[in-house]
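# model this:
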Amino acid sequence: MKPEIIVSSRDLERLEALLFAPAARARGDLDALRDELERADVREPEDMPADVITMNSRARFCEENTGREYELTLAYPREADAAAGKVSVFTPAGAALLGLSANQSIDWATPDGKAIRLKVLEVTWQPEAAGQYDL
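You can find the predicted model right below:
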């Protein structure tokens with residue numbers, strides 16, 4: 001069972017625009033993100049809980065099977081930069097993380113087919129909580 005997720009109306013609007021652009025419309029690898037957006041609880045940016053991963057949020061995670069911890073920023077595709085810890089929402093990991101709250105876990109498959117479980121430990125920075133609604 002997938003955990004409940006919350007997405008801001010602004011993030012939803014921007015992501016849908018990207019997903020319906022001609023370059024992305026036929027991409028089957030983005031179906032997981034489309035599915036996540038369809039099942040999301042959508043809220044106004046001002047009403048987002050501070051512990052939810054929104055676009056441009058930075059969060060600490062733990063791979064539950066290995067205990068490995070790391071911190072990532074959820075980024076739009078054009079701003080993704082693995083070396084800087086910015087994961088694209090268009091990747092399986094990014095799509096899985098969007099809308100999760102602290103202490104929630106999600107299962108996803110790595111590019112090599114390995115199944116892992118990620119747990120959100122903490123949202124260390126969120127644009128909405130910082131009053132930056134246009135990021």
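
# what's the next secondary structure element after the helix or strand of the chain with the lowest mean pLDDT?
Across the helices and strands of the chain, mean confidence by mean pLDDT, DSSP states H and E is lowest for strand 105-109: a mean of 82. Proceeding C-terminally, strand 105-109 gives way to strand 115-125 as the next helix or strand, assigned by DSSP states H and E.

# The closest residue to residue 135 other than its chain neighbours and residue 118: what is the separation?
Closest residue in space to residue 135, ignoring its immediate chain neighbours: residue 127 at 4.2 Å, by C-beta to C-beta, 6 or more residues apart in numbering. Just so you know, the C-beta spots here come from the backbone N, C-alpha and C atoms, and that holds for glycine as well. Per C-beta to C-beta, to the nearest Å, residue 127 is found 21 Å from residue 118.

# got it, and residue 25?
Computed as C-beta to C-beta, the residue 25 to residue 118 distance reads 28 Å.

# Looking at those two, which one has more neighbours?
residue 118 (22 against 9; other C-beta atoms under 10 Å).

# Tell me, how many residues neighbour residue 67?
7.
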